[in-house]
Structure formats: C-alpha cells, structure tokens
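Chemist: coords please:
(2 chains)
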Amino acid sequence: MDTTYFRGSAVKRYFRETGEVWLFARRFFREAVRRPFEWKELLNQCFIVGNQSLFLVAMTGLIMGLVLTLQTRPTMEDFGAEAYMPAMVGVSIIREIGPVIIALICAGKIGSSIGAELGSMKVTEQIAAMEVSGTNPFKYLVVTRILATTLMVPLLVIFGDTIALFGSFLVEHAKGEVSFRLFFNKVFHQLSFGDLIPATAKTFFFGFAIGLIGCYKGYTSKKGTAGVGRAANTAVVVASMLLFVLDFIAVLVADIFFDL
Amino acid sequence: MATKTENTVKLGIFITIAVALFIVGVYFIGSEENMFGANLRISTVFSNVNGLQPGNNVRYSGINVGTVESIVLLDDTTVQVNLKLDRNVQPYIKKDAIASIGSDGLVGSMLVNISPGAGNEAMVEEGDVIDSYSRVETDELLNTLGKTNENIALISNDLLRITNQMTKGKGTIAMLLRDTLLATNLRRAVFNLEATSAHLQATGAELEGFIADARESPGLLNQLLYDTTVLANVNSSISQIDTVAARLEPFLQELNHSASDISASSATLRSLLEDLDSGRGAAGMLLKDSIPAEDIRQILGNLNQGAARFNENMEALKHNFLFRRYFRKKKKQEGEVPPP
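Modeler: Numbering: from 1, shown residues only, chains lettered A, B, ... in the order given. Reported below is the predicted structural model:
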C-alpha cells in the first residue's frame, strides 16, 4: 500500500494548521488591544475558568500532594532522608508537577468546554449571526476566553500548589509527626526565586495555549455536531501536547536566566 | 444581574486569595534569601569552594544568618565569596571569625559556616574580609592515602627481601637466628650477667650492712655521717686553715717573687751556659775550642820554661857582683846570713 500520499497529506495538514493557529494568535493580539473591550464578558469568563475550575484543581492538588508524599516517603526513609521530604516535595510541586498537572487538568476541563462551546456556536451559526448583528464575535468570544485562561490558569496553579503542599503536610504530619511550621519552614528554606518565578511565568503561557487552542478548534470547527465533539477532543489533545512543548521551552529558558 | 454580581464577587475573592498566596510565597522565599530587612555584606576568600553556589546558606554557630550573594574568581588560586548576612547578627560576628565551607548533611547542599572568633576583637563592619579555613578535601585525602599505600607497598617489598635474606641465612639477624655457637655465647653471656647481678646484689647487701654498722657503731664513718660536732670541728678547722692561709699569703707572694727572680737568673744562667756550650765568647772558646787550649797549654809550658829560666837568671843575678850586695842586705833584713 502506498502511504506517501497520506503522509504527505498529514504533514501538509500539520503545517497548514500550525500556520492557521499562528494567524489566529496574531488576530487575537490585534483584537485584544483594540477597543471596545468586553470587560463584563472577560469577568464572566474569568469566573467560569477560575472559580468553576477551583474545586477540580483543589481536589487534584490535594490528591497530588498526598500521593506524591506517600509514594516518595518509603524510598526516602530507606536512605534515612525523610527529613528532606518537605523540601523535595516543595520543589517538585512548585517547579514542575503543580504547574503541569493543573494545566493539564485545565486543558481537559476548560479547553474542551471552550472548544465544545465555540464549536456548537459555530455549527449552529450563532457566530455568523453575531457577525450579522454587528458584534465582533472574535473579540467577544475568543479574546475574552483566551485572556481569561491566560490570567486564571496561573492563579489556579498557585491555588493548586498551595493545596498540594497542604496535602503533603497532612501525610508528613501523620507519618513523621512534622509540625505545620516546620514543614513550611523546610519548604520555603529550600525554595528560591529561581523555582517560583519561572514556574509561575510559564503558567501564563500554559493558560494562553489552553485558551488559544480551545478557541481555535471551536472557532474553526466544521461538519456539524460531529465536528463539535471533534473540536473539543482535539482541543484537549493539542493543548496538552503544546503544554509539554512549552514546559520544555520554559525549562530551557529558565535554565539560562536562573542557572537552575 | 444579581447572580452576575455574585459571581464577580466570588471571582474577586478567588483572585485575591490566589494573589495573596503568591505574595506570601514570595515573602517567605525572599526572607530566606535575606531580601527584606537590613543586610550586612562581608566577604571571605577560599582556594576551593567545593561547588558552593550563590544562594547557599551561611550559618553562624549552626543558625542560618544569611546567604552567599556571589562568588568571584580573583585569580587562579583565589575565589572570593561575598556573603549577605542579617544585620541583627553583626554584634556577634567578630573580625577574627573564621569562615569554612561545609555541607548540610551527607547529601545536602554546600554552605558557609562562620565560626566565632576569640571574642576580644571588634565586630565586623560592612565590606570586611574575614579569614577562611579550608577543610581537607576528599581528593586530597585520597591522594594522601594513595601515597601511603605506595609507601606501604615499598615497605612490604623491603620486608619481603629482608625476610628472604634471613631465611637464606644472610645478615646479622639471620646469624643471630641460625648460629648455634652465637646462641651458646649469648646464653653464656646471659648466665654471666645473671652471676654479675647476683654478685652486685650480694655487694649491695654487704654495703647495706656496712652502712647499718656505720650507723650503729661509733666509728669515724658514723661520726662523719651522723655526728654534728664533727662538722662543727671541721668547719672550725677550715676557718683556721683559712686564717693560716691568709697569713701565709704575703710569704707566698715573696716566695713567688723570689721564684720569679730565680727563674730569671736561671734563664740568664741557661743563656750563659748555652753561650758557653756553643763556644761563644772567651770562656766558651776556652771550654770548647781545642786550639786555644793547646795554645794556652803551650803558653803555660813556655811560661814554665820562662819562669825556670827566669829563676835561673835570678839566681845568676844573685851571684852577680852588682846585685850581690842587695841580696845580702835583704837576707840580713830577713835574719838569714847569706853564705859567704
């Protein structure tokens, strides 16, 4: 079977889509700085993205802290290094696990919902109707959502990190009788700005990527209701992939500036 | 509308809490790195910082008091470590404090330990450079151990060679081990030593008895050892001898002078005798030179002959008619009657 055609087609589709995403992002930046600003819709989207994801992020963070500590502690005990547990868990959560896991959760929840919402609006021609009514659908639907995810995902990560550290403390307190003050003293003793700043900075890019991919997939969905599901699905998959790529780039850049 | 407002309030709460958490995190991390509050910057110099990095802790008496601000390579053997300390610990760190590099446990990160000085010095000031102490490196330790091992290998080789030679009967120690005659001699020497020590012991016992006797019997030794009046007498005798010696001193001085005069006379005499012996001068010539002696002898012979002839002449003169009257007159004066 000759697969050259299919491979050529997939590669071409990939490059075309990359280019379209780039143009979509450029249009976002252009529209984002142009009046009028949709403040109310932005706040609404922030509420949806931030507050309505809070419970999921909190649960994820708590379980993440609990599991990480429970899994790591026996190995650390074998080395007689259980005193380093708070420091190790703190660095792991703040630097890498917290931002990436919570961003992935957000990609799953927010990215899919944005993709599905905009996709259904697209296939039901609500977006076309908005254009006819004189409202800029891109500014109202896309700019607000991407800004909301860009601003809210970092806050969700901070929240999730805090709860994850608290979950880790619960295990340490139960197993090692470590006090609250000692635990957080050890965590902050080990942490530096080189851990906190790059980790927080990259979450803005994570949020932007989640919003951008979700909006792009929903805004450009086709083929009826099947296309809506496809848009939601691919939004999650592509956003998740993009998160790891961004994470890799962020680590490289942070290594240059913060000498990690 | 009310729901929207409520949602906005909830969003505000969420944002506030999240930002507050971030600020708290920044504050605690900044506190750990001494970013807030007054700081004191001092530095120290090491030859090797063992992987110390900016941001590592600085401990004073085991308490975290600051962080390593920067590490600067001054030259090929000198690394300057700049420390940022909490200003509150300034009164406790003296100018003679010593910095050393350690690690936080076996697997912990590196840190700078500041040990207190003697306490008599003034406290450190901004920009001071305190002394440092470089601990023994693991590499150096291993190098030393390597050298020690090489030395041990050399020593063991030497020992092996020596033991081989001993086994073959070469050398003094091997002779000691293998020579039966020497062993017999040694044994005899040991017997002799034992006998000598026995004699010494007996002599010691005798000496002890002698001393006991001296202590108990009223002899001279007892008096010398135990009688205090003897000592007084001896002292008195010594003082008398001193007096006599003082009196004798002028006499001895005179004697000394006389001796020196005699010595000078004897020297002169010796010189004279030497002259005589060497034949210098008339006397020496007379003593040593045989020719003048012969001449003298000849002169004396001539004189004798001359004297005899003179006597003969005088006798002849007596009988001369010119002088006969004189001689008769002289004899008459002396009571003799000259023959007619």
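
Chemist: isn't there a strand covering A:A128?
Modeler: No. Using DSSP: H, G, I helix; E, B strand; the rest coil, the secondary structure at A:A128 is helix, not a strand.

Chemist: what about it, distance to chain B?
Modeler: As judged by Cβ to the nearest Cβ, to the nearest Å, A:A128 and chain B stand 27 Å apart. All C-beta atoms are positioned from the backbone trio N, CA, C, and that covers glycine.

Chemist: Can you give me the separation between that residue and A:T135?
Modeler: 11 Å (Cβ to Cβ, to the nearest Å).

Chemist: Ok, A:L155 next?
Modeler: On the measure of Cβ to Cβ, A:L155 and A:T135 end up 29 Å apart.

Chemist: Same question for A:G50.
Modeler: 24 Å.

Chemist: Who has more neighbours out of those two?
Modeler: A:G50 (25 against 14; other Cβ atoms under 10 Å in any protein chain shown).

Chemist: What residues does that one make contact with?
Modeler: Counting by Cβ atoms under 8 Å, 6 or more residues apart in numbering or on different chains, A:G50 makes contact with A:A148, A:M152, A:L155, A:L156, B:L11, B:F14, B:I15.

Chemist: I'd like the residues you listed as a markdown table, with distance to A:V245, secondary structure and pLDDT appended.
Modeler: Putting these into a markdown table (distance: Cβ to Cβ, whole Å; DSSP: H, G, I helix; E, B strand; the rest coil; pLDDT from 0 to 100) gives the following:
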| residue | distance to A:V245 | secondary structure | pLDDT |
| --- | --- | --- | --- |
| A:A148 | 22 | helix | 93 |
| A:M152 | 21 | helix | 93 |
| A:L155 | 23 | helix | 94 |
| A:L156 | 20 | helix | 94 |
| B:L11 | 30 | helix | 85 |
| B:F14 | 29 | helix | 86 |
| B:I15 | 28 | helix | 87 |
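
Chemist: In a strand, B:D131, correct?
Modeler: Yes. Per three-state DSSP, B:D131 lies within a strand segment.

Chemist: Wait, it touches B:K95, no?
Modeler: No. Counting by Cβ atoms under 8 Å, B:D131 sits too far from B:K95 to count as a contact (9.1 Å).

Chemist: what ranges do the helices span in the stretch 201-340 of chain B?
Modeler: B:220-226, B:228-278, B:281-288, B:290-318, B:321-334 (DSSP state H, counting those that start in this stretch).

Chemist: got the residues of the stretch 1-150 of chain A near chain B?
Modeler: Remark: the part of the stretch 1-150 of chain A in contact with chain B comprises A:K40, A:L43, A:N44, A:C46, A:F47, A:G50, A:N51, A:L54, A:F79, A:A81, A:Y84, using Cβ under 8 Å from any Cβ of the partner chain.

Chemist: which SSE is the first one in?
Modeler: Same thing as A:K40. A:K40 belongs to helix A:39-46 when elements are defined using DSSP states H and E.

Chemist: residues near B:L287, how many?
Modeler: Count around B:L287 with other Cβ under 10 Å applied: 13.

Chemist: Let me have the helices of the stretch 201-340 of chain B in JSON lines, adding mean pLDDT and distance to A:L23 as columns.
Modeler: Output for those, formatted as JSON lines (pLDDT from 0 to 100; distance: least, Cβ to Cβ, whole Å):
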{"stretch": "helix B:220-226", "mean pLDDT": "75", "distance to A:L23": "129"}
{"stretch": "helix B:228-278", "mean pLDDT": "85", "distance to A:L23": "130"}
{"stretch": "helix B:281-288", "mean pLDDT": "70", "distance to A:L23": "150"}
{"stretch": "helix B:290-318", "mean pLDDT": "82", "distance to A:L23": "156"}
{"stretch": "helix B:321-334", "mean pLDDT": "80", "distance to A:L23": "193"}
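
Chemist: Could you list every helix and strand in contact with whichever strand or helix holds A:T18?
Modeler: Element membership of A:T18, judged by DSSP H and E, is helix A:4-32. In this structure, helix A:4-32 makes packing contacts with helix A:144-176, helix A:193-219, judged by 3 or more Cβ pairs under 8 Å, 6 or more residues apart in numbering or on different chains; DSSP states H and E.

Chemist: same thing but 6 Å
Modeler: helix A:193-219 (3 or more Cβ pairs under 6 Å, 6 or more residues apart in numbering or on different chains; DSSP states H and E).

Chemist: Flag the shaky bits of chain A, pLDDT-wise.
Modeler: The model of chain A has pLDDT under 70 over residues A:1-8, A:259-260.

Chemist: Which residue lies nearest the spatial centre of it?
Modeler: Nearest to the mean C-alpha position of chain A, counting by Cα atoms, centre = their mean, stands A:A103 at 2.6 Å.

Chemist: how many neighbours does the nearest residue to it once chain neighbours are set aside have?
Modeler: Distances taken as Cβ to Cβ, 6 or more residues apart in numbering or on different chains put A:F206 closest to A:A103, at 3.9 Å, once the chain neighbours are dropped. Number of residues near A:F206 (other Cβ under 10 Å) recorded here: 28.

Chemist: Can you verify my assumption that A:F206 contacts A:L104?
Modeler: No. Applying Cβ atoms under 6 Å, one finds A:F206 not in contact with A:L104, separated by 8.9 Å.
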